[in-house]
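Chemist: Next come a sequence and a model predicted from it.
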Amino acid sequence: MSSATPSSDEGLFMIDARAPGVIPVLPQRNHLCNAEEDWSGVTAQAKRRRLQNRINQRARRHKLKEETKKQAVAQRQSLDSDVQEIPRDAVRTLRKKLPAQACMLGKVENREMLTRFAELARNDFLGAPNMIHLEDTVRCNVFLAMARVTRILGFDDSWLDDDSISPYTMRGPRTWSLDAMPANLRPTVLQLAVEHHPWIDLFPCPRMRDNFLRTIQVHGEYSVDEDELCRDYVDAAGAKRGLEDGASAIVWSDPWSPYGWELTAGFVKKWAWLLHGCVELQAGTNAWRTRRGLERLRFPGC
């Protein structure tokens, strides 16, 4: 028998005939949250594949986190020195240092950078209005807006973890209350039934949340690239571009209301299925676009 060392990212393990009697450690076990996720004894192909995909996604995210640790330390040190500059120079410097990938809400260093950047850019804009800095502030406000919605929903910081599950689908006593929630943020039937990450609960439009959940319910949880969706929706990297460039969301007013948000034309085109029938979100988007003299957008099914 020959030995084989396939990649652990593929959920496989090493077989070594030279070490008889030694039980190999399965690499996928390193990323198990509970015993129910151990696919090594599962014979049903569909369930086995689903568990493998979940563990592989988790392993990939863990690897990415490890690779960015050193960068994070250097980034924080650089940030500390940058903010000693006069505000305007600090804004220009930090603007160049925004994360290349925006879907990193769980990283403390990125939240610190974005919060500090938004504060500096806002103060600089108030002192000497500059449209470029206004765009920067608008982009970074999406992070702050989502954090505000989590407080309204009663979520704790655990929602930032990659492997978090929405409290709406968790067993046991409720940790949330409908009383303090705006009507459009209250969980739908699908939110209560389909397991999902809590960041989906932050979408301001119930139809938008249901469109996402219905898709993963029918086609599987990995039929949608959530990382890509998050990068587009929470587009801090887009602060380096104009407001109309790329696919992203912009928050202008109350983050819990669909009328407080605007979606760019690129986002509407790229994620059309997600926005199907989102009448309120279309109305909010067009209201803000009209204020800037831009063409109205049409969402599918509206």
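Modeler: Done, it's in. Residues are numbered from 1 along each chain as shown.

Chemist: mind checking the SS state of the closest residue to Asp210 other than its chain neighbours?
Modeler: Leaving aside its sequence neighbours, Asp210 sits nearest to Leu190 (C-beta to C-beta, 6 or more residues apart in numbering; 5.0 Å). Where C-beta positions appear, they are placed from N, C-alpha and C, glycine not excepted. Following DSSP: H, G, I helix; E, B strand; the rest coil, Leu190 is assigned to helix.

Chemist: which residues touch Leu190?
Modeler: By C-beta atoms under 8 Å, 6 or more residues apart in numbering, the residues touching Leu190 are Arg209, Asp210, Leu213, Arg214, Gln217.

Chemist: and the residues you listed, which are buried?
Modeler: The neighbour-count test (16 or more other C-beta atoms under 10 Å) marks Arg209, Asp210, Leu213, Gln217 as buried among the contacts of Leu190.

Chemist: State the helix or strand in which the third one lies.
Modeler: Spelled out, it's Leu213. Leu213 is part of helix 206-219, with elements assigned from DSSP states H and E.

Chemist: could you point out which element follows that helix?
Modeler: Where DSSP H and E defines the elements, the next helix or strand beyond helix 206-219 is helix 226-233.

Chemist: Just checking: what are the partner strands of the next helix or strand after that following helix?
Modeler: Per DSSP H and E, the first helix or strand lying C-terminal to helix 226-233 is strand 249-251. Paired with strand 249-251 in the same sheet, following DSSP bridges, are strand 261-263 (antiparallel).

Chemist: now the strand it pairs with: mean pLDDT?
Modeler: Rounded to a whole number, the mean pLDDT of strand 261-263 is 95.

Chemist: for stretch 142-151, same thing?
Modeler: Mean predicted lDDT for stretch 142-151 stands at 85.

Chemist: Please apply the same query to stretch 57-72.
Modeler: Per-residue scores along stretch 57-72 average to 67.

Chemist: how about low-confidence regions in the stretch 151-300 of the chain?
Modeler: Along the stretch 151-300 of the chain, the parts satisfying pLDDT under 70 run over 158-159, 172, 235-245.
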